[in-house]
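**Student:** just to be clear, the model below is a prediction. Sequence and coordinates:
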Amino acid sequence: MTDIYVEISKLTEKFRTMAYGITTDENRVNEAVQELMLYFLQANPEVIKKIYTNDGIKGILKYGAVALRRSLTSKRSNFYYKIDKYYNHIDSSSSNITYESDFVISHKNLYNIANENEDFDHTKTLHQLELIDVELDKLKWYDRELFKLYYYDKNTYNSLAEKTKISRNSLFTTIDKVRTIIKKKLNEDV
C-alpha cells in the first residue's frame, strides 16, 4: 500500500495543474491539493488499492480529479468547511479595520461580532470568556471535550458524530446540557 501512496504523491503537480483549471488562486490550489492528498491517506485503503489495481495511475488521476473538482466547487465539501468558509469569514471581517493610535480597532472581530454596537464592553466579554473556561473546567471531561469539539473546532453534529462514533442525539443532549449550564452561570453573573 505504501507503494501506491508514493505513486499518488508523485501526481501532486498534475493535480495542481487540474486545480488551476478550476481556480486561478494559488493559495486555493495549494490548499485543495494538500486536502486531496490528505483525502487519499484517509480514504479506505481497499478502495484506493482496487482503483490502482484495475486502472493504474490513470484511475487514480480520474478519481483525484473528481474529488478535486468537488472540493473546489461544492459548498458541501470538507474543503469548503475547513478552508474556504473559514478564510472567507476572516477576509470579510478584517475588511472593516481602522487604525487609531497604535491600536487596531475593528467593528467586526471575534470578540464583538455578536454585539456590533458602539459602546461594546470588551472587559465584560473577556470576563464572560473566563467564566466559560472556569465552568468548563468544573464539568466532567466527556461533557467538556464534546462542547469544545463542537464550538471551538466548529464541528457540526453530523461531522462530530462521524468522528467520535457517538450518536448525533447523544451529542446534542450533552452539548445542550453544557450550554444550559454556561448560560445559567453567565446570567447569574450579570
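**Tutor:** Yep, that arrived.

**Student:** show me the domain layout of the chain.
**Tutor:** With domains defined by automatic domain parsing, the chain comprises 2-73, 121-189.

**Student:** how about the strands in this protein?
**Tutor:** For the chain, applying DSSP state E gives strands covering 97-100, 103-106.

**Student:** looks like P45 contacts T2 (just checking).
**Tutor:** No: the criterion here is CB atoms under 8 Å, and P45 misses it with T2 at 10.4 Å. Yep, even glycine has a C-beta here, placed from its N, CA and C like the rest.

**Student:** what about the residue nearest to K14 when sequence neighbours are not counted, how many neighbours?
**Tutor:** Of all residues not flanking K14 in the chain, L61 sits nearest, at 6.5 Å (CB to CB, 6 or more residues apart in numbering). Using other CB atoms under 10 Å, the number of residues around L61 comes to 16.

**Student:** equivalent analysis for K165, please.
**Tutor:** Look at K165: counted by other CB under 10 Å, it has 6 neighbours.

**Student:** please report how far it lies from K58.
**Tutor:** 35 Å (CB to CB, to the nearest Å).

**Student:** pLDDT below threshold where in the chain?
**Tutor:** Residue ranges of the chain with pLDDT under 70: 77-124, 189-190.

**Student:** quick one, helices of it?
**Tutor:** Along the chain, the stretches classed as helices by DSSP state H are 2-9, 12-20, 26-42, 45-73, 78-79, 85-94, 122-138, 141-151, 157-164, 168-189.

**Student:** show me what the longest one is packed against.
**Tutor:** Right, the one you point to is helix 45-73. helix 2-9, helix 12-20, helix 26-42, helix 78-79 (3 or more CB pairs under 8 Å, 6 or more residues apart in numbering; DSSP states H and E).

**Student:** report the distance from it to the chain centre.
**Tutor:** Its chain's C-alpha centre and that of helix 45-73 lie 24 Å apart, by CA atoms, centre = their mean, to the nearest Å.

**Student:** then stretch 163-178?
**Tutor:** A distance of 18 Å separates the centroid of the chain from that of stretch 163-178, by CA atoms, centre = their mean.

**Student:** cool, and stretch 179-190?
**Tutor:** Worked out by CA atoms, centre = their mean, stretch 179-190 lies 27 Å from the chain centre.

**Student:** who touches it?
**Tutor:** With CB atoms under 8 Å, 6 or more residues apart in numbering as the contact definition, stretch 179-190 has outside contacts at H127, Q128, L131, I132, E135, L136, L139, F147.
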